[in-house]
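[1] give me coordinates for this.
(one chain, ligands or ions: 1)
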Amino acid sequence: MAYKNFTLETDADGIALVTWDMPDKSMNVFTAEVMDELAAILEATVADAAVKGVVFTSGKSTFSGGADLSMIKSMFSFYNEEKQKDADAAAGKLFELVGRMSGLYRRIETCGKPWVAAINGTCMGGALELSLACHGRVVADGKNVKLALPEVKVGIFPGAGGTQRVARLTDAQSALQMMTTGQSLTGARAKAMNLVHQVVPAAELVMAAKQMIKDGLKPVAPWDERGFKVPGGGIWTPAAAQLWPAAPAILRRESAGNYPAALAILKCVYEGLQVPFDTGLRIEQRYFTEILRGRPAFAMIRSLFISMQELGKGARRPAGQPKTEFTKVGVVGAGFMGAAVAYVTAAAGIPVVLVDRDQEAADKGKGHCEETAKAAIGKGKMTPDEAKALLDLITPTPDYSALSDATLVIEAVFEDRDVKKAVIEKVEAVLPQGAIFASNTSTLPITGLAKNAKRPNDFIGIHFFSPVEKMMLTEVILGKETGDRALAVALDYVAKIKKTPIVVNDTRGFYVNRCVLRYMAESYNMLIEGVPPVMIENAAKFAGMPVGPLALNDEVAIDLSLKILKATVADLGEKAIDPRHLELVSRLVEQEGRLGRKNAKGFYDYPPKPAKKSLWPGLKSFYPQKKADDVDMDVLKERFLATIALEAARTMEEGIVTDPREADVGSILGFGFAPYTGGALSYIDGMGVKTFVALCEKLAKDYGPHFRPTPLLKEMAEKGETFYGRFDPYGEKDIAA
Ligand code: NAD
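    Next up, the predicted model:
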């Protein structure tokens, strides 16, 4: 029989080589069709007496990325539809559906013939779970080979036997660590954890896998053998008595109880290790069904998996524009941002010209790139040869004529209109027709800057976030006259450097900074009310924010906050800001000399390492302090999330952001908005717009008019709408909920 996604060749020794190689896909993923074919292959190899064993490998450079978008989407659509008819029956059907993969893997494991996974490249999620169900696992040696069960990062967990098999192969602590963090393992680490049998040179991979079968590999999993013992002795041992009471506490410290999937992993392992293997699988299947029905799984999968992929693959790219080939990118301004932009561009294999005012300044920028590369070598992320190849792509120069054959030029000079105007003119004088000019400004409107350009339709904003190497988001800013070609080139560039773009219309602060300023402003309000600073920081973290607002303000720099407040007054008048905020920030900067992390004095004190930062005690003397018992932490949490979500809703209302996927993904990748909510708009949709409006009205009464719900929100509440319904990005009622 011929298969669409697999080839099957049986050699003279009776070993069937199953090669997974999906046509029209760069990476193998699980779809319903793949599962059907895999089941058919399994039965065919079992039935064929000539087949002694099976080696399962991939025909792509990676092994597999795990589940496919379409499969996950259809699971949610199915459940949402069925739920309307009969909620209990829908849960039952979902239970059966999620058991399918697990059942298929168990059938491989118990089919009576040995299966060996030959893992030639990165192997994620469901693909690693499949490998774990094989009787042997051989991994190709190489930096590109990573193994992981990363499901927890999108609100679910390994639900195809992963929790049961990992915990029966390695000690419970390592198993929990691997699955609750979703960390990637190298082949060597996986071997040390006993998750794989061999790590061999790539060229010998299939041979080694076949050899395992020839050497008489038993087609029985260890847990199906009589007398099997769980590594470390299971749950009722002195070592386990140390681990298990602490594990939920550690998890709570790390996740503040916001991630039910992480807790479900603990439950699956703890309960599963006390029962026979098949019962363990059943326990996993139950928890998996429960998690899939919960809001965090739905919201996280939608934003962090589906929407992120869709945006990364050009969901907002204008149709009909040819794909851009980047032969050369220019970066003008070799300072803090420009050097980092040059680095990530070269890391994507694109030659870069790094221009600054003189050779010395340009060289200094390249020096920053060299330091970044050195740090990457130190961490084992890059070889010296790779670093050299990357750095060779960056040419520092003060000579603008080097930009005459660039596809794209990104400007990152001082945040000053006149300096930028002069640079725009100089670049335009040499830039070829059809090339695009992008500004990395963080505060100056793109439409205004584009007025200095002769070709404003070739002018766009590409707003990076610091640290550029780490931050996965970029805001692509459309000026009034920005054309489709400029947008296509900007999106192609962002895709090339492997970041996620959101497309934002021009406004003060664009999208991300508008929201971030609300977050920090709410912390000023709390300080002024006398809320102890430590409670402010902890409430934000309990709400799911990765960094407290005061710590974040220190990173951004408090003098920058002062500058922004003053500029807002200058541009929009006194009423545009809260005078108490200006008073607080001026006092910190001008009287106390506290600028933030950069001078080791901000809301926190920063003693020399290894000592850790701690909140500056002097802050408490600014305002009379409330007693801790008089502060409701839950209200503080609500205030942080609501003030940001309200700002996100305002940007939709104003047409600054037009697609809810971008508002959600931008809020998580840009400033870590409580990921379990699925992002700032999913947070509102999750509780229902009506409930959100009621919450805002209550907060407005207690804490000020900045919480007042907007007309759009009130209208949506009245009509019973959601953001994903009203601004449906798919133009259909797909998985909007
Ligand atoms: P920076 O001061 O570190 O670097 C600016 C560089 O521009 C300097 O190397 C300077 O020599 C060079 N320069 C100035 N005038 C020039 C000219 N006429 N021709 C060529 N080079 C010139 O500043 P930065 O922090 O890298 O910021 C650069 C831009 O990026 C600004 O528009 C800023 O708003 C934006 N931005 C900054 C951040 C951030 O976190 N710092 C984040 C996003 C965007």
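[2] please make it C-alpha for all contacts and neighbour counts, starting now.
    Fine.
[3] so what's the residue in the stretch 1-150 of the chain that the ligand sits nearest to closest to, chain neighbours aside?
    Residue nearest to the ligand within the stretch 1-150 of the chain: Pro150 (29.9 Å; C-alpha to the nearest ligand atom). Excluding its sequence neighbours, the residue lying closest to Pro150 (C-alpha to C-alpha, 6 or more residues apart in numbering) is Gly182, at 3.8 Å.
[4] quick one, helices of the stretch 351-500 of the chain?
    359-378, 384-392, 417-430, 446-450, 484-496 (DSSP state H, counting those that start in this stretch).
[5] which ones are touching Gly548?
    Ile536, Glu537, Asn538, Ala540, Lys541 (C-alpha atoms under 8 Å, 6 or more residues apart in numbering).
[6] with secondary structure and pLDDT added, can I get the residues you listed in CSV?
    Below are those laid out as CSV (DSSP: H, G, I helix; E, B strand; the rest coil; pLDDT from 0 to 100):
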residue, secondary structure, pLDDT
Ile536, helix, 98
Glu537, helix, 98
Asn538, helix, 97
Ala540, helix, 98
Lys541, helix, 97
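[7] report the two of those separated the most.
    Greatest spacing in the contacts of Gly548, by C-alpha to C-alpha: Ile536 and Lys541 (8.8 Å).
[8] those two: who's more crowded?
    Between Ile536 and Lys541, Ile536 has the larger neighbour count (other C-alpha atoms under 10 Å), namely 23 against 20.
[9] count of neighbours near the nearest residue to the more buried one once chain neighbours are set aside?
    Leaving aside its sequence neighbours, Ile536 sits nearest to Ser523 (C-alpha to C-alpha, 6+ apart; 6.7 Å). Using other C-alpha under 10 Å, Ser523 has 25 neighbouring residues.
[10] closest to Met75 out of the helices of the stretch 351-500 of the chain?
    Nearest of the helices of the stretch 351-500 of the chain (C-alpha to C-alpha): helix 484-496, 28.1 Å.
[11] and after the closest one, which helix or strand comes next?
    As assigned by DSSP states H and E, the chain's next helix or strand after helix 484-496 is strand 500-505.
[12] what about that following strand, average pLDDT?
    Averaged over strand 500-505, pLDDT sits at 98.
[13] helices and strands around it, which ones?
    Helices and strands touching strand 500-505, by 3 or more C-alpha pairs under 8 Å, 6 or more residues apart in numbering; DSSP states H and E, are helix 308-312, strand 473-478, helix 484-496, helix 660-671.
[14] check the offset of it from the chain's centre.
    Between the centre of strand 500-505 and the centre of its chain there are 16 Å (C-alpha atoms, centre = their mean, to the nearest Å).
[15] what of stretch 587-607?
    31 Å.
[16] any part of that stretch near the ligand?
    No: judged by C-alpha under 6 Å from any ligand atom, stretch 587-607 stays clear of the ligand, getting no closer than 12.0 Å.
[17] which residues outside that stretch are in contact with it?
    550-551, 553-559, 562, 612-616, 619.
[18] what sits closest to Ala645 if chain neighbours are left out?
    Nearest to Ala645 is Ala680, by C-alpha to C-alpha, 6+ apart, at 4.7 Å.
[19] so the one you found sits against Ile644, correct?
    Yes: checked against C-alpha atoms under 8 Å, the pair Ala680 and Ile644 is within contact range at 6.9 Å.
[20] who has more neighbours out of the two?
    Between Ala680 and Ile644, counted using other C-alpha under 10 Å, Ala680 has the larger neighbour count: 30 against 24.
[21] how near is that one to Ala334?
    34 Å (C-alpha to C-alpha, to the nearest Å).
[22] so who does Glu519 touch?
    Check again: residue 519 is Tyr, not Glu. Pro549, Phe640, Thr643, Ile644.
[23] and for Val166?
    Residues in contact with Val166, defined by C-alpha under 8 Å, 6+ apart, are Leu132, Ala175, Leu195.
[24] any idea which helix or strand carries the residue nearest to Ile536?
    Per DSSP H and E: helix 512-529 holds Ser523.
[25] in the chain, spot the helix with the most residues.
    In terms of residue count, the longest helix belonging to the chain (DSSP state H) is helix 87-109.
[26] show me what that helix is packed up against.
    Helix 87-109 sits against helix 32-47, helix 69-85, helix 125-133, helix 277-293, with contacts defined as 3+ C-alpha pairs under 8 Å, 6+ apart.
[27] angle of the helix or strand following it against helix 125-133?
    Following helix 87-109 in sequence order, the next helix or strand is strand 115-119 (DSSP H and E). With axes from the mean of the first three to the mean of the last three C-alpha atoms, to 10 degrees as the basis, strand 115-119 and helix 125-133 are set at 130 degrees to each other.
[28] strand 115-119: partners in the sheet, and parallel or antiparallel?
    Next to strand 115-119 in the sheet, as set by DSSP bridges, lie strand 53-58 (parallel), strand 136-140 (parallel).
[29] mind listing what's buried along stretch 546-560?
    Residues of stretch 546-560 classed as buried by neighbour count (16 or more other C-alpha atoms under 10 Å): 546-554, 556-560.
[30] got it, and stretch 514-528?
    Applying 16+ other C-alpha under 10 Å to stretch 514-528 flags 514-528 as buried.
[31] before we move on, what about stretch 221-239?
    Ala221, Pro222, Trp223, Val230, Gly232, Gly234, Ile235.
[32] now, the residues you listed that are in helices?
    Per DSSP H, these never map to helices.
[33] residue boundaries of the helices in the stretch 501-650 of the chain?
    Going by DSSP H, counting those that start in this stretch, the stretch 501-650 of the chain shows helices at 512-529, 533-542, 549-556, 558-572, 579-586, 633-653.
[34] show me what the fifth one packs onto, helices and strands only.
    Contacting helix 579-586 under the criterion 3+ C-alpha pairs under 8 Å, 6+ apart are the following elements: helix 512-529, helix 558-572.
[35] and those, which one averages the lowest pLDDT?
    helix 558-572 (a mean of 93).
[36] just checking, Val419 touches Val413?
    Yes: counting by C-alpha under 8 Å, Val419 touches Val413, with 7.4 Å between them.
[37] neighbour count for these two, which is higher?
    Using other C-alpha under 10 Å as the criterion, Val419 and Val413 rank with Val413 on top: 23 against 11.
[38] my read: that one touches Gly333, true?
    Yes: taking contacts as C-alpha under 8 Å, Val413 lies within contact range of Gly333: 4.4 Å.
[39] enumerate the residues of this protein near the ligand.
    So the chain meets the ligand at 332-338, 356-357, 361, 412-415, 419, 423, 440-442, 463-466 (C-alpha under 6 Å from any ligand atom).
[40] can you select the buried ones from those in PyMOL?
    Filtering those down to the buried ones (16+ other C-alpha under 10 Å) takes a single PyMOL command:
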select buried, resi 332+333+334+335+337+338+356+361+412+413+423+440+441+442+463+464+465+466
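[41] report the secondary structure state of Gln164.
    helix (DSSP: H, G, I helix; E, B strand; the rest coil).
[42] let me know the pLDDT of it.
    98.
[43] what do you get for Glu718?
    98.
[44] and what of the one 5 residues further on?
    Residue-level confidence at Phe723 comes out at 98, pLDDT.
[45] coming back round to it: looking at the contacts of Val166, which is nearest Leu251?
    The closest of those, once distances to Leu251 are taken by C-alpha to C-alpha, is Ala175, at 13.8 Å.
[46] count of residues packed around the closest one?
    So Ala175, with other C-alpha under 10 Å, has 23 neighbours.
[47] contacting residues for it?
    Applying C-alpha under 8 Å, 6+ apart, the residues near Ala175 are Thr163, Val166, Ala167.
[48] how about low-confidence regions in the protein?
    For the chain, applying pLDDT under 70 flags the ranges 732-737.
[49] before we move on, the earlier item: so the residue nearest to Pro150 sits right up against Leu147, yeah?
    No: between Gly182 and Leu147 there is no contact under C-alpha under 8 Å: 9.9 Å.
[50] since that was my last question, I'll sign off now.
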